[in-house]
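Asker: Kindly return the folded structure for what I paste below:
(one chain, ligands or ions: 2)
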Amino acid sequence: MRSDTVKRGFDRTPHRSLFRATGLKDEDFDKPFIGVANSHIDIIPGHFFLQEYGRIVKEAIREAGGVPFEFNTIGVDDGIAMGHDGMLYSLPSRELIADSIETVMNAHKLDALICIPNCDKIVPGMIMGALRVNVPTLFVSGGPMAAGHKKDGTPIDLATAFEAVGQHAEGNMSDEELYEIECEACPSGGSCSGMFTANSMNTLCEAMGIALPGNGTVLAMTPERIEMVKQAAKRIVEMAKADDPKYNLRNVLNEKAIHNAFVVDMAMGGSSNTVLHMLAIAKEAEVDFDITKINEIAKNVSHIAKISPSLGTVHMEDIGRAGGVNAVMKEVSRRGGLLHLDNPTVTGETIGERIADAEIKDTGVIHTNENAYSPVGGLSILFGNLAEEGAVVKTAGIAPSMRQFKGTAVCFNSQQEAIAGIIGHKVKPGNVVVIRYEGPKGGPGMQEMLAPTSLIMGMGLGESVALITDGRFSGATRGASIGHVSPEAAEGGLIGLIEDGDEIELDVDTHLLQLNVAGEELERRRLHFKPHKKAISSKWLKRYSLLVSNASNGAVLKTELD
Ligand SMILES: CC(C)(O)[C@@H](O)C(=O)O
Ligand SMILES: [Mg+2]
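Answerer: Ligands and ions are numbered 1, 2, ... in the order given. Purely as a prediction, here's the structure:
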């Protein structure tokens, strides 16, 4: 056992002595030592109840003959960090989480790992750290939140609350209605109920075979979820005892699993953040997965499940009722050759075996390929002079009239300026809002822009205004919102050279993002161009800014300076 390093032999007497102080007995030294990486934190609705899950997991591990060691990671609630400089810490928190997992697992030589994440960066952070450790690993997330409902029965969620701010600012919503939405949008514990970033990542864990079926859709804090948590704990002990390298994380989360994740992402219109996180995961897995491969996958996958924010009436619980992620995968696989069905999963069965009996129980929620929302997937990577290394757009959430768009630029050098500009009516129909110096390096930290994108929708500009940024979006963002523009302004990207009034052209079908300004003019501008440098007061964010790569590289931290 890997843990023999810390528990076998006369020279490990002091180590065993320390273990005995935590309650271990003679017989425990023959059992696998299992890390339980929890992400309990009181401030996140998807996490405040995870202490209880940790307790259940530990009990089940003990019962199954393992020795659990629970430890915690931090977490940032993007909703609460949204729209102010707290969001600068959101993406960097992914790296802290990854490093924490690696640190605890390797310092103590634990044999296997069960991770309990739920929201956004906590899922990829844990996956990235676990990939470095590469022992048998299983993910069991907290689970999604139920959808909220207005008095008249309309389903609502966090996206409704953000967009309500724009409607209220325009005078189109009363104080009472705004308050009703505030009280009803988030009715229970869990990761916010749409196909936002958390649920997208938890869904992709199923697609990659690193979690049990239902991980993305079974509601948090329900008896079914608790049962899944128990089963996951039992299973990690079996995986640890099997002493078979096939369960080491990199053997399950391999190149084919990453491909499968993007297939499911495309079929379900996942968050644009999945691109960033999956590229980072691919790097940790040492899989050569270039951003250009994403359009190749999108081309061949029908968009068959529309969920909030792309379709406000459908939430994760509805996908679960309609057959879950297994049913989505089964339907996608009917189009032939799209999913790697032979890839393994943590349960020992292949993906193909796992989905063999799955069926769609409600074709109004999970459509068939023949009746797809679109014959291509819900995410697209754009290229052009403005995005030589790529930019991301969630096509699933765009009005058909905005798939091709030419507009004039209105530039802002930070999210805060943009919010003030949009509320102050500086943005008019026919404009392309440019928000720059918000990339991983420039922000630093690559803020999510849910406030400006929701304002645009809430103010009724969703079918006449596009937005481009080197920052990123929330999974709750919809509209013609193009993010992750790489190279970013802070590293000299063309987005930094745009001037108010320039024409910007986008075409999501031909994957184009272009600044229509003559080459000589751009050369003239470049002569005088010095990327704008923001004052950063945080020492951690200063370090982050020095080491971070751009979004097309997953915003991973470099291990060598340029
Ligand atoms: C707060 C949200 C909606 O969860 C956001 O963090 C996301 O990225 O989806
Ligand atoms: Mg987020």
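Asker: Return the residues of this structure in contact with ligand 2.
Answerer: 78, 120, 197, 474 (Cβ under 5 Å from the ion). To be clear about C-beta, it is placed using only N, CA and C from the backbone, and glycine gets the same treatment.
Asker: Which residues are in contact with the first one?
Answerer: For Asp78, the contacting residues are 87, 90, 119-120, 197, 448, 450, 474, by Cβ atoms under 8 Å, 6 or more residues apart in numbering.
Asker: again, only this time at 7 Å
Answerer: Neighbouring residues of Asp78 by Cβ atoms under 7 Å, 6 or more residues apart in numbering: 90, 120, 448, 474.
Asker: on that earlier part again, could you list which of the residues of the chain next to ligand 2 belong to helices?
Answerer: 78, 197 (DSSP state H).
Asker: give me the subset of the residues of the chain next to ligand 2 touching ligand 1.
Answerer: Checking the residues of the chain next to ligand 2 against ligand 1 by Cβ under 6 Å from any ligand atom, the ones in range are 78, 120, 197, 474.
Asker: Please name the nearest non-neighbouring residue to the second one.
Answerer: This means Asp120. Thr197 (4.3 Å; Cβ to Cβ, 6 or more residues apart in numbering).
Asker: ok, the one you found - how many residues close by?
Answerer: By the measure other Cβ atoms under 10 Å, the count of residues near Thr197 is 30.
Asker: hang on, the earlier thing: can you pick out the most distant pair from the residues of the chain next to ligand 2?
Answerer: Asp120 and Ser474 (8.7 Å; Cβ to Cβ).
Asker: so what's in contact with these two at the same time?
Answerer: Common neighbours of Asp120 and Ser474 (Cβ under 7 Å, 6+ apart) are 78, 197.
Asker: And Thr5, what's its pLDDT?
Answerer: On pLDDT, Thr5 comes in at 98.
Asker: heads up, I number from 9, so please use that
Answerer: OK, 9 is where the count begins now, so the last one is Thr13.
Asker: what kind of secondary structure is it in?
Answerer: helix (DSSP: H, G, I helix; E, B strand; the rest coil).
Asker: can you put the contacts of Asp86 in a markdown table and add pLDDT and neighbour count?
Answerer: Formatted as a markdown table, the contacts of Asp86 follow (pLDDT from 0 to 100; neighbours: other Cβ atoms under 10 Å):
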| residue | pLDDT | neighbour count |
| --- | --- | --- |
| Ser98 | 98 | 24 |
| Asp128 | 93 | 33 |
| Glu456 | 95 | 30 |
| Ser482 | 93 | 31 |
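Asker: wait, which of the residues you listed is closest to ligand 1?
Answerer: Nearest to ligand 1 among those is Ser482, at 3.7 Å by Cβ to the nearest ligand atom.
Asker: quick one, what contacts the closest one?
Answerer: Counting by Cβ under 7 Å, 6+ apart, the residues that Ser482 touches are 86, 204-205, 456, 458.
Asker: Go again with 10 Å.
Answerer: 86-87, 90, 95, 98, 128, 166-167, 170, 200, 202, 204-205, 279-281, 317, 455-459, 461-462, 489 (Cβ atoms under 10 Å, 6 or more residues apart in numbering).
Asker: where's it relative to Thr355, distance?
Answerer: 32 Å (Cβ to Cβ, to the nearest Å).
Asker: and what of Ile443?
Answerer: 44 Å.
Asker: So for these two, which residue has more residues nearby?
Answerer: The neighbour count for Ile443 versus Thr355, taken as other Cβ under 10 Å, is higher for Ile443 (30 against 18).
Asker: Quick check: beta-bridge partners of that one?
Answerer: Note on Ile443: beta-bridge partners by DSSP bridges are Phe420, Thr477.
Asker: surely it meets Gln455?
Answerer: Yes: counting by Cβ atoms under 10 Å, Ile443 does reach Gln455; the two are 9.0 Å apart.
Asker: Give me the common contacts of those two.
Answerer: With Cβ under 10 Å, 6+ apart as the test, Ile443 and Gln455 both reach 422-424, 477, 479.
Asker: Which ones among those also lie next to ligand 1?
Answerer: Okay, of the shared contacts of Ile443 and Gln455, nothing touches ligand 1 (Cβ under 6 Å from any ligand atom).
Asker: among the residues you listed, which are in helices?
Answerer: Among the shared contacts of Ile443 and Gln455, the members falling in helices (DSSP H) are 423-424.
Asker: so where's the stretch 159-308 of the chain uncertain?
Answerer: When residues are selected by pLDDT under 70, none of them lie in the stretch 159-308 of the chain.
Asker: so where do the strands sit in it?
Answerer: Counting by DSSP state E, counting those that start in this stretch, the segments of the stretch 159-308 of the chain that form strands are 163-164.
Asker: ok, the residue of it found nearest ligand 2 to Arg102 distance?
Answerer: The nearest approach of the stretch 159-308 of the chain to ligand 2 comes at Thr205, 4.2 Å away (Cβ to the ion). The gap separating Thr205 from Arg102 is 11 Å, by Cβ to Cβ.
Asker: go on, Cys127?
Answerer: 11 Å.
Asker: Could you name every residue contacting both of those two?
Answerer: Val84.
Asker: and for Thr205 and Arg102, which residues touch both?
Answerer: Joint contacts of Thr205 and Arg102 (Cβ under 10 Å, 6+ apart) are 128-129, 131-132, 284-285.
Asker: Compare these and tell me which is most surrounded.
Answerer: Asp128 (33 neighbours).
Asker: Surely that one touches Ser208?
Answerer: Yes: contact criterion Cβ under 10 Å: Asp128 and Ser208 qualify, at 8.9 Å.
Asker: and the gap between the nearest residue to Phe27 once chain neighbours are set aside and ligand 1?
Answerer: Among residues not flanking Phe27 along the chain, Lys15 sits closest, at 6.9 Å (Cβ to Cβ, 6+ apart). Distance from Lys15 to ligand 1, counting by Cβ to the nearest ligand atom, to the nearest Å: 40 Å.
Asker: for Met236, same thing?
Answerer: 21 Å.
Asker: For the stretch 459-570 of the chain, just list every one of the helices.
Answerer: For the stretch 459-570 of the chain, helices defined by DSSP state H, counting those that start in this stretch occupy the ranges 527-535, 547-555.
Asker: Remind me what the last one packs against, helices and strands.
Answerer: Which is helix 547-555. helix 98-115 (3 or more Cβ pairs under 10 Å, 6 or more residues apart in numbering; DSSP states H and E).
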